[in-house]
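Peer 1: Fold the following for me, if possible:
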Amino acid sequence: MKRLMVIIFLLVIATSVAVYAQDAGRDSSSEDSSSMWRYISAAIAVGVSCIAGGIAVGQIGSAAMGAMSENPDLSGKALPYAGLAEGICLWGFLVALLILVI
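Peer 2: Below you'll find the predicted structure:
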């Protein structure tokens, strides 16, 4: 699991550097090194929040299936918890959008 997270982290960094290089090639006079850090921080915000959301949904889904196997009436109570875990990804996207816009 840790290897997968490290690989995803490195892919996010490589992608953000590639986007910066492509963007800097268009108009290199107005770009500076702080712009690169904006791309990297936005990529990290989205990447980490989506990984954390995926882990949370996986654990919640596993626990919900175990609880529903014992008591089928609990199926409606597990859905809001999965939605809260998916909200982590949404907040990461919003933070990244604010980093890039502001």
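Peer 1: who does the least confident helix or strand in the chain by mean pLDDT touch, helix- and strand-wise?
Peer 2: Every helix and strand in the chain was compared by mean pLDDT, DSSP states H and E; the lowest is helix 2-26, with a mean of 73. Secondary-structure packing of helix 2-26 (3 or more C-beta pairs under 8 Å, 6 or more residues apart in numbering; DSSP states H and E): helix 33-70. All C-beta atoms are positioned from the backbone trio N, CA, C, and that covers glycine.
Peer 1: Mind listing what's buried along stretch 3-19?
Peer 2: Neighbour-count burial for stretch 3-19, with 16 or more other C-beta atoms under 10 Å as criterion, is recorded at 12, 16.
Peer 1: Just the C-alphas of it, formatted as PDB.
Peer 2: The C-alpha trace of stretch 3-19 is given here as PDB (Å, rounded to 0.1, in the frame of the first residue of the first chain):
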ATOM      1  CA  ARG A   3       4.600   1.600  -2.400                       C
ATOM      2  CA  LEU A   4       1.400   2.500  -4.300                       C
ATOM      3  CA  MET A   5       1.000   5.800  -2.500                       C
ATOM      4  CA  VAL A   6       4.700   6.700  -3.200                       C
ATOM      5  CA  ILE A   7       4.200   5.800  -6.900                       C
ATOM      6  CA  ILE A   8       1.100   7.900  -7.200                       C
ATOM      7  CA  PHE A   9       2.800  10.800  -5.300                       C
ATOM      8  CA  LEU A  10       5.700  10.700  -7.800                       C
ATOM      9  CA  LEU A  11       3.300  10.600 -10.800                       C
ATOM     10  CA  VAL A  12       1.500  13.600  -9.400                       C
ATOM     11  CA  ILE A  13       4.700  15.500  -9.000                       C
ATOM     12  CA  ALA A  14       5.900  14.500 -12.500                       C
ATOM     13  CA  THR A  15       2.600  15.500 -14.100                       C
ATOM     14  CA  SER A  16       2.600  18.900 -12.400                       C
ATOM     15  CA  VAL A  17       6.100  19.600 -13.500                       C
ATOM     16  CA  ALA A  18       5.200  18.700 -17.000                       C
ATOM     17  CA  VAL A  19       2.200  21.000 -17.000                       C
END
